[in-house]
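Q: below are the sequence and a predicted model for it; my questions follow.
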Amino acid sequence: MSPVDSSLVPFSKIIQSVEDKPVSFIFRGEDRSGYNRALKIQVYEISRHGRLFDNNGGEILETNFLVPGNISYPYNDGLPVTFRTNKDFFNEPHSSERRSLDCSIYFKVIASAKPVAEQNDTTFVESSPGRLVIKVTNVNDPPSLAVRYSKNVVETFSSLSWDRNECARGRVTSKCRSKFVINHIRVNDVDGNLDFVRVDVSSSHGILSLNEVHLNKTDFTSCSNRSQYEQINEDILWNCEGAGIGDQKMTFTARPLHLNDIFTNMTYESIEPGEDTIIITIYDGSRGECLSDFEHTQRYMINSYMGQQTLHLGRCNSIVRSLSVQVKRHTSSDVYANKIFPIQLLVAIVFAGLVIVTVFIIVPFTRWLRRIKGRHGDKRAKKGGRRRKKPFKRVFTKKTKKKSDYCGGGEKTRGRNKFPSFNRGRRRNTSFFENIEIEVEDKYSDSDVSSYGSSNEELSENDSSMSSSFEGSEHSSVSSSVSSHFQK
């Protein structure tokens with residue numbers, strides 16, 4: 001290691017470069033000691049993000065390498081070299097998601113330790129380190145879109161094929177036959193998430209829904225009416241449309257790498273059987289079908305990007321991928337395979353069950369209950385009790401004996417009297433009229449009537465007096481009791 005001479009000064013500077021293009025520059029320095037010594041350049045550290053070549057095309061690989069040539073007084077010229085960055089490397093712009101990568105070359109100025117007259121001396125001194133900073137500006141590269149080929153089959157959406165447990169919104173399982181879940185779409189962009197891209201997703205006759213969890217990474221609003229921006233100095237060819245849920249066609253903007261989350265668990269369903277195609281198109285660049293330069297600048301300012309903006313060079317790159325889906329008509333045989341019953345069949349089963357229960361259970365039970373109540377009432381009636389809740393109308397519908405059996409002599413009636421008002425509160429099974437009939441039969445027997453018609457005068461007088469007394473007292477008491485009983 002040579003001693004440090006403070007009179008030797010390396011010229012540090014910043015070099016602007018563009019991605020994937022070589023940049024040429026010169027190493028410079030000067031001698032401020034007054035000896036006007038010839039200078040050499042020694043490179044002792046090279047950036048790992050590129051390669052350095054001398055003026056003859058030779059690559060500088062080793063550290064402490066002396067660049068061919070000398071820098072003579074008055075030090076207006078330098079030693080030219082060429083630096084080539086690695087493919088797709090850039091460090092401008094950068095954000096919090098992507099840090100700025102250092103791309104620098106460190107060098108020293110070396111000179112003879114003695115004045116010019118004594119330069120045959122092999123003793124050298126060196127300067128303090130100098131640094132060349134290379135800022136590589138990003139040039140937009142088109143993204144890559146990969147869609148894995150597979151045989152995608154889905155049934156038409158209907159009330160029969162839809163399962164609440166398997167096809168619910170946000171948690172579609174593999175058992176759901178009316179929804180096709182898309183999980184094999186991958187997007188990559190060497191530019192990272194610096195530039196927003198336009199995305200179109202459409203189908204011929206299906207309904208598409210993005211992942212609801214990551215809908216906040218999409219932008220449907222700011223580009224829904226692009227004609228309102230006067231700073232867009234070009235023809236408006238497109239606008240954002242849709243909402244990301246239940247759309248046949250949708251257009252939105254997003255960062256490229258965020259699309260991997262947005263497309264995860266994207267669902268497709270259709271009500272029309274046949275062949276359908278899902279088309280995904282990504283537009284990356286500026287102008288035309290892509291975002292305008294003004295919209296890119298606006299997003300740079302909102303996201304506080306650092307450094308030079310990405311160079312789009314007025315180009316709009318597009319990449320298109322398609323996904324085929326076969327939509328089958330739902331068949332009734334699949335209803336039982338999926339354990340999904342139609343509403344009509346369910347209603348019919350319930351109605352048939354109600355009819356069976358009514359005819360074979362409820363009706364027989366009701367009849368049996370009425371029969372038991374009727375027997376219980378008959379037993380109480382035989383004991384002299386009162387049958388409960390017996391309709392008064394039903395009493396007279398039964399066959400009864402002649403009215404003469406109740407009102408004028410005859411045999412006693414069996415069972416309960418047919419006039420319940422006469423038998424209320426009585427324990428015996430004889431009616432009021434039967435008691436009267438017995439008394440009348442005792443006083444007026446057939447022998448008395450026959451003797452009354454005989455020629456015996458004494459007997460007739462006794463009979464007349466007896467009849468008069470009966471008519472006067474007994475008969476009147478009987479009639480009064482009957483009338484009073486009916487009044488009650």
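A: Sure thing, it's come through. All values derive from a computational prediction rather than experimental measurement.

Q: which intervals of this structure have sub-threshold pLDDT?
A: Low-confidence segments of the chain, defined by pLDDT under 70, are located at 1, 115-122, 150, 154-178, 330-342, 375-488.

Q: count the residues that sit near residue 85.
A: 22 (other C-beta atoms under 10 Å). C-beta coordinates here come from the backbone N, C-alpha and C atoms, glycine included.

Q: tally of neighbours for the nearest residue to it once chain neighbours are set aside?
A: In this structure, residue 85 finds its nearest non-sequential neighbour in residue 50, 4.2 Å apart by C-beta to C-beta, 6 or more residues apart in numbering. For residue 50, the count of nearby residues is 19 (other C-beta under 10 Å).

Q: is residue 50 in contact with residue 83, as I believe?
A: Yes: with contact defined as C-beta atoms under 8 Å, residue 50 and residue 83 form a contacting pair (5.3 Å).

Q: any common contacting residues for those two?
A: Shared contacts of residue 50 and residue 83, defined by C-beta atoms under 8 Å, 6 or more residues apart in numbering, comprise residue 134.

Q: my guess is residue 296 is in a strand, correct?
A: No: using DSSP: H, G, I helix; E, B strand; the rest coil, the assignment for residue 296 is helix, not a strand.

Q: contacts only, for residue 54.
A: 60, 67, 68, 79, 81, 82.

Q: buried residues in the helix or strand containing the last one, which are they?
A: With the criterion set as DSSP states H and E, the secondary-structure element containing residue 82 is strand 79-85. Of the residues in strand 79-85, those scored as buried under the neighbour-count criterion (16 or more other C-beta atoms under 10 Å) are 79, 81, 82, 83, 84, 85.

Q: ok, stretch 180-192 next?
A: Buried, per 16+ other C-beta under 10 Å, within stretch 180-192: 180, 181, 182, 185, 187, 189, 190, 191, 192.

Q: so the third one is in contact with residue 323, correct?
A: Yes: in this structure residue 182 lies within contact range of residue 323 using C-beta under 8 Å: 7.0 Å.

Q: please identify every residue contacting each of these two.
A: Common neighbours of residue 182 and residue 323 (C-beta under 8 Å, 6+ apart) are residue 278.

Q: which one is residue 133 nearest to, not counting chain neighbours?
A: Per C-beta to C-beta, 6+ apart, closest to residue 133 is residue 14, 4.7 Å.

Q: after the host helix or strand of that neighbour, which helix or strand is next?
A: Assigned by DSSP H and E, residue 14 belongs to strand 13-18. Note on strand 13-18: by DSSP H and E, the next helix or strand toward the C-terminus is strand 23-27.

Q: roughly how far apart are the residue nearest to residue 39 when sequence neighbours are not counted and residue 205?
A: Excluding its sequence neighbours, the residue lying closest to residue 39 (C-beta to C-beta, 6+ apart) is residue 71, at 4.2 Å. Distance, residue 71 to residue 205, by C-beta to C-beta, to the nearest Å: 74 Å.

Q: compare these two (neighbour count), which wins?
A: Neighbours were counted for residue 71 and for residue 205 using other C-beta under 10 Å; residue 71 has more, 24 against 14.

Q: ok, the more buried one to residue 299 distance?
A: Distance from residue 71 to residue 299, by C-beta to C-beta: 46 Å.

Q: next: residue 87.
A: 26 Å.

Q: what's the answer for residue 184, then?
A: For residue 184, the distance to residue 299 - C-beta to C-beta - is 29 Å.

Q: between residue 87 and residue 299, which one's more packed in?
A: residue 299 (19 against 9).

Q: any idea what residue 180 is bridged to?
A: Beta-bridge pairing of residue 180 under DSSP bridges involves residue 268.

Q: much appreciated, bye for now.
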